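Undergrad: need a 3D model of the sequence below.
(one chain, ligands or ions: 1)
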Amino acid sequence: MGFEEFQTARGTRDILAPETWQFEAMRRLTLSWAARFGYEPLETPIFEQSPVFFRVGESTDIVQHESYRFIDAGGDDLTLRPEGTAAAARAFVQNGLAMAPQPVRLCYYGPMFRRETPQAGRFRQHTQFGVELYGSESFLADAEVILLAARIVDQAGLEHPEIRINSIGCTVCRPRYRQALVDYFGERQTELCEDCQRRLIQNPLRLLDCKVDVDLRRGAPDLEEYWCDDCREHIRGVVSTVKAAGQPIQRDRQLVRGLDYYTRTVFEVGHPTLGERAALFGGGRYDGLTANLGGPFVPAVGFGMGIERLLSALPKPLATSEPRRIYMAYLPGFDTVAYQLALSLRDAGLAVETDVIGRSLKAQLKTASRRAWMAVIVGGQEWADARIVVRDLNRGAQEVVARDELLQYLKAYREGNQA
Ligand code: HAM
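TA: Residues are numbered from 1 along each chain as shown. From the prediction side, this is the model:
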């Protein structure tokens, strides 16, 4: 195959109908559930000034190695957003939302970019729906975002989601745990994979997340033994609130997540169809990210959900708002009339396609049978008698209707067929 430079870039793809309608349905489902919980939609630019993502101390793979970072023609250092949380926190600070009545609840939906190795469920451009709740330290906030995630999964028709939770501690207890991990893995340094040798220095918590050193990981000290009283109370509160709402949730002692800003709660929503460590959603608490971005210290919690992954895990497609189409066919000489009639039906709210390449009635009806549920045929003696032929393309049944009753007839027929 030639012309490879004119194909989609590696790890990206086109989405065509009917799949685009599935994405549209997911967008409506997620945003409407977020609205029910009081979240306001936020749109941030697709690229940001690089320091928004490359903050001091940020050492995660997602940001350091997988970002699309570039210098533009004017010399600006920019990065395509690899995730939404830092961008949302930047918007929170820049727009003075710390002054607004707290908590502030924001949600977003859009593309994210990571230069990962493409594989099933992992793309270089993926779509994320996310929510961020600012201004609450309470475990009730963590429980709220988890329950919102669970509602969305449930409403999308996915059964048995696995909600895993952990606490990675706070500035009081995490340093002690970090040291315990460095001691444990340091003694076994020669057995570690190459990535983990690096993690041992840069981000020891991520050693728990390694897919290679599984046996070593199992014997590592458990965070729970290092939690301070506040952290212990916090995770207990989250778990009991989620369970009291009837939602199962499991502690996962190895869950640490791949971004640097988390404090205390981290959680993921998995599913048996996705394999062990792949997640539909991931999130957690990140108190103080706003302070790293030049704003006040504000506690916050949220999650991001991979739309492609959730769609691929669904047992059946979502109901969509794809309009059912009418095909306005016409006999030779009736093109202008058909064109006007099609416009008036569209003005009345119907979806109407009509021929614009001058094909025969037979060819028009062939297209209609593929793309529409009803054909309206303009012309002939019927038109002269102020009547019009309509054909139900699923049943093949044909009727003649008075021209001025066409709209009512089509609407009633459509409702009747939908019921
Ligand atoms: P994350 O876990 O990196 O978290 O991404 C969230 C979700 O996006 C994942 O659970 C997954 O479903 C999806 N995802 C990530 N990378 C890819 C990819 N390459 N291809 C397909 N899907 C992908 C975050 O991004 C955080 N900002 C979440 C958050 C919000 N934490 C607090 N608030």
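
Undergrad: any idea how far Leu97 is from the residue in the chain positioned nearest to the ligand?
TA: Nearest residue of the chain to the ligand (CB to the nearest ligand atom) works out as Gly306 at 2.3 Å. To be clear about C-beta, it is placed using only N, CA and C from the backbone, and glycine gets the same treatment. Per CB to CB, to the nearest Å, Gly306 is found 26 Å from Leu97.

Undergrad: which residues of the protein lie near the ligand?
TA: Within the chain, the positions adjacent to the ligand are 62, 83-85, 114, 116, 121-123, 126, 128, 130, 132, 258-259, 279-284, 286, 302-306, 308-309 by CB under 6 Å from any ligand atom.

Undergrad: which ones among those residues lie within helices?
TA: Ile62, Thr85, Glu308, Arg309 (DSSP state H).

Undergrad: those: which two are farthest apart?
TA: Largest separation among those by CB to CB: Thr85 and Glu308, giving 18.9 Å.

Undergrad: same drill for the two, tell me which one is more crowded.
TA: Remark: of Thr85 and Glu308, Thr85 carries more neighbours, 24 against 19, as counted by other CB atoms under 10 Å.

Undergrad: quick one: that one and Glu225, what's the gap?
TA: From Thr85 to Glu225 the distance is 29 Å (CB to CB).

Undergrad: same question, Leu106
TA: From Leu106 to Glu225 the distance is 36 Å (CB to CB).

Undergrad: looking at these two, which is more packed in?
TA: Relative neighbour count places Leu106 above the other of Leu106 and Glu225, with 23 against 10, counting by other CB under 10 Å.

Undergrad: who are the neighbours in contact with that one?
TA: Tyr39, Glu40, Pro41, Leu42, Ala88, Ala91, Phe92, Val131, Glu132, Leu133, Tyr134 (CB atoms under 8 Å, 6 or more residues apart in numbering).

Undergrad: which ones among those residues are found in strands?
TA: Glu40, Pro41, Val131, Glu132, Leu133, Tyr134 (DSSP state E).

Undergrad: buried ones among those?
TA: Buried residues within those, counting neighbours by 16 or more other CB atoms under 10 Å: Val131, Glu132, Leu133, Tyr134.

Undergrad: the first one contacts Phe281, doesn't it?
TA: No - at 10.0 Å, Val131 and Phe281 do not qualify as touching, with contact defined as CB atoms under 8 Å.

Undergrad: which of the helices or strands spans Thr20?
TA: Thr20 is part of helix 19-36, with elements assigned from DSSP states H and E.

Undergrad: what does Asp215 give?
TA: Here Asp215 is assigned to helix 214-218, by DSSP H and E.

Undergrad: can you show me the CA trace of the helix or strand containing Val242 as PDB?
TA: Secondary structure assignment for Val242, by DSSP H and E: helix 229-244. Extracted in PDB, the C-alpha atoms of helix 229-244 (Å, rounded to 0.1, in the frame of the first residue of the first chain):
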ATOM      1  CA  ASP A 229      -5.100   8.500  61.800                       C
ATOM      2  CA  ASP A 230      -6.600  11.100  59.500                       C
ATOM      3  CA  CYS A 231      -5.800   9.100  56.300                       C
ATOM      4  CA  ARG A 232      -7.300   6.000  57.900                       C
ATOM      5  CA  GLU A 233     -10.500   7.800  58.900                       C
ATOM      6  CA  HIS A 234     -10.700   9.300  55.500                       C
ATOM      7  CA  ILE A 235     -10.600   6.100  53.500                       C
ATOM      8  CA  ARG A 236     -12.900   4.400  56.000                       C
ATOM      9  CA  GLY A 237     -15.400   7.200  55.400                       C
ATOM     10  CA  VAL A 238     -15.200   6.900  51.600                       C
ATOM     11  CA  VAL A 239     -15.600   3.200  51.600                       C
ATOM     12  CA  SER A 240     -18.500   3.100  54.100                       C
ATOM     13  CA  THR A 241     -20.400   5.900  52.200                       C
ATOM     14  CA  VAL A 242     -20.000   4.200  48.900                       C
ATOM     15  CA  LYS A 243     -21.100   0.800  50.400                       C
ATOM     16  CA  ALA A 244     -24.000   2.400  52.200                       C
END
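
Undergrad: what sits up against that helix?
TA: Residues contacting helix 229-244 (CB under 8 Å, 6+ apart): 138-140, 142-143, 146-147, 150, 163, 165-167, 169-170, 172-173, 224, 227, 249, 251, 264-265.

Undergrad: do stretch 411-419 as well
TA: Arg324, Ala348, Leu350, Trp373, Met374, Val390, Asp392.

Undergrad: strands - which of the residues you listed land there?
TA: Met374, Val390, Asp392.

Undergrad: so the first one versus Leu393, what's the distance?
TA: What that stands for is Met374. 6 Å.

Undergrad: between those two, what contacts are shared?
TA: Tyr327.

Undergrad: out of those two, which sits in the busier spot?
TA: Met374 (22 against 18).

Undergrad: name the nearest residue to that one, ignoring sequence neighbours.
TA: Spatial nearest neighbour of Met374, excluding adjacent residues (CB to CB, 6 or more residues apart in numbering): Ile326 at 4.9 Å.

Undergrad: do Glu66 as well
TA: Arg114 is the one closest to Glu66 (CB to CB, 6+ apart), at 4.3 Å.

Undergrad: residues touching the one you found, list them.
TA: By CB under 8 Å, 6+ apart, the neighbours of Arg114 are Ile62, Glu66, Ser67, Pro82, Arg124, His126.

Undergrad: burial of the second one, as a residue count?
TA: A count of neighbours around Glu66, defined by other CB under 10 Å, yields 17.
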